[in-house]
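Colleague: Compute the structure for the input listed below.
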Amino acid sequence: MDLGRYLVEAHVREGRSVAELARTHGVHRSWIYKLLARHRADGDAGLVPRSRRPHRSPTAIATELENEIVLIRKQLLEEGLDGGAMTIHWHLTRRHDQVPSVSSIWRILHRRGCVTPQPKKRPRSSFIRFEAALPNECWQSDVTHWRLDTDTDTDIEIINYLDDHTRYCIASVAVTVTHAADITETFLAAAQRHGTPASVLTDNGCVYTAKHRGGRVAIETLLDALGVTYKHSSPYHPQTCGKVERFHQTEKKYLAKQPAASTLDELQTQLDRFVEHYNHHRPHRALDRHTPAEIYTTKCKAHPPTDATRTHYRVRKDKVGRAGKITLRYQSRLHHIGIGRAHAGTPVVVLVADRDIRVLTNNGTLLRHLTLDPTRNYQPRHPS
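Modeller: Model prediction:
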């Protein structure tokens, strides 16, 4: 028996006073009088707990607006786009003068069964994160994989460049197989449109670095020549490039909802459409509910330092081959340098200062001094 019925029975059957019951059981007398009035009017049914919900709510969200919220979410998810409360709020503000708050939209989605409960995640306070202070202060880049809808299930790759500060997608380009030249061409095209960044952050993939091979790939040479600081993530720690890694997920979620592309051009069209939406029509929580384009286009942009050292120095030990040549890699391309058959088998030391090449014997005798021509695979002893 609940307390309300106990108090009514004690007063009616036992004759105990309201003041005594209120004092003994720590309740207010007005509540006991209210229970007694209900009991007199409706009997035991009057003691059943009643809803405190108001009979009318003038500020309640209209059913038509709730239906619109659910419809917007459905349309966004069907296209593989973000359909969270923040994004829906962004779209509503462009349709109506007064819209519900983000929390109200979330409650509507939850009440309508549109939100899937998620497992408990790590608290945000436990995250150790970094963010560039200005647009173009740091670009993150990475390559991800996708599959075309063909008879052979062709695997292709997508090169992405993302601005660290604003999450603005600088470039998203589909290629059959990523070569070092693709990385540099994508970067140069993006830099021409958006300006040269102060730094670039990537992982340690072979198209991004040849440090483990004792050399440099094309993007390393290019960035050094432009005075751009080049940074690499720690091995086996993709969280360092977390922003572009997360962008891969969002991009693939969109592509999975589109008609399967059967050619590279079809896929590129889908990527261009996604980048347009992502940059201009998708508010970001980390950007205080602004779109990446709103922040990227309004803030001052960083630039490479003007006094950067541009010359790349390298010392390499080699042996002249039987054909009288040695090989040297420059901008991810292998070049053959003629030394002369008379020196076949001779151990040499190669001093490299960008394209200035000096080939010496171990005792310091200069065998050849040349300026490398990147357009030629073979550097003859006597150029024509």
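Colleague: care to break this protein down by domain?
Modeller: As given by automatic domain parsing, the domain ranges for the chain are 3-47, 133-296, 313-379.
Colleague: Of these, which is nearest Lys74?
Modeller: Across the domains of the chain, Lys74 has its closest neighbour in domain 133-296 (12.2 Å, C-beta to C-beta). All C-beta atoms are positioned from the backbone trio N, CA, C, and that covers glycine.
Colleague: Mind checking the pLDDT average for the closest one?
Modeller: Mean pLDDT, domain 133-296: 91.
Colleague: ok so, going back, could you export the domains of the chain to CSV, including columns for mean neighbour count and distance to Leu92?
Modeller: Output for the domains of the chain, formatted as CSV (neighbours: other C-beta atoms under 10 Å; distance: least, C-beta to C-beta, whole Å):
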stretch, mean neighbour count, distance to Leu92
domain 3-47, 14, 43
domain 133-296, 18, 11
domain 313-379, 15, 49
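Colleague: which stretch among those comes nearest Glu78?
Modeller: Between Glu78 and these, the shortest separation by C-beta to C-beta is 6.5 Å, and it involves domain 133-296.
Colleague: Thr87: neighbour count?
Modeller: By other C-beta atoms under 10 Å, 22 other residues sit near Thr87.
Colleague: hang on, it is in a helix, isn't it?
Modeller: Yes: assessed by DSSP: H, G, I helix; E, B strand; the rest coil, Thr87 belongs to a helix.
Colleague: and it, what is it in contact with?
Modeller: 76, 81, 282-283 (C-beta atoms under 8 Å, 6 or more residues apart in numbering).
Colleague: do that again at 7 Å, thanks
Modeller: Residues in contact with Thr87 (C-beta atoms under 7 Å, 6 or more residues apart in numbering) are 76, 282-283.
Colleague: just Val70 next, same as before
Modeller: Val70 makes contact with 112, 114, according to C-beta under 7 Å, 6+ apart.
Colleague: and it, which of the three is it?
Modeller: What three-state DSSP gives for Val70 is helix.
Colleague: Kindly check the end-to-end length of stretch 205-218 for me.
Modeller: Start and end residues of stretch 205-218 are separated by 13 Å (C-alpha to C-alpha, to the nearest Å).
Colleague: This protein: strands as residue ranges?
Modeller: Assigned by DSSP state E, the strands in the chain fall at 139-147, 155-163, 169-175, 199-202, 229-232, 313-319, 325-330, 333-338, 347-353, 356-361, 366-371, 378-379.
Colleague: wait, which of the ones you listed is closest to Glu294?
Modeller: strand 155-163 (12.8 Å).
Colleague: wait, Leu47 sits on Gly4?
Modeller: Yes: using C-beta atoms under 7 Å, Leu47 and Gly4 qualify as a contacting pair, with a distance of 5.3 Å.
Colleague: Need the residues touching each of the two.
Modeller: Taking C-beta under 7 Å, 6+ apart as the contact rule, Leu47 and Gly4 both touch Leu35.
Colleague: re the thing from before, any chance of the strands of the chain in a markdown table, plus distance to Leu188?
Modeller: Formatted as a markdown table, the strands of the chain follow (distance: least, C-beta to C-beta, whole Å):
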| stretch | distance to Leu188 |
| --- | --- |
| strand 139-147 | 13 |
| strand 155-163 | 11 |
| strand 169-175 | 10 |
| strand 199-202 | 12 |
| strand 229-232 | 15 |
| strand 313-319 | 23 |
| strand 325-330 | 17 |
| strand 333-338 | 16 |
| strand 347-353 | 23 |
| strand 356-361 | 24 |
| strand 366-371 | 23 |
| strand 378-379 | 25 |
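Colleague: So which of these is nearest Arg273?
Modeller: strand 169-175 (10.6 Å).
Colleague: Now do that closest one and strand 155-163, the angle between them.
Modeller: With axes from the mean of the first three to the mean of the last three C-alpha atoms, to 10 degrees defining the directions, strand 169-175 sits at 170 degrees from strand 155-163.
Colleague: quick one, helices of the stretch 251-384 of the chain?
Modeller: Along the stretch 251-384 of the chain, counting by DSSP state H, counting those that start in this stretch, helices occupy 264-280, 292-296.
Colleague: Contacts only, for Asn67.
Modeller: Counting by C-beta under 7 Å, 6+ apart, Asn67 makes contact with nothing.
Colleague: separation between it and Cys114?
Modeller: According to C-beta to C-beta, to the nearest Å, Asn67 and Cys114 sit 12 Å apart.
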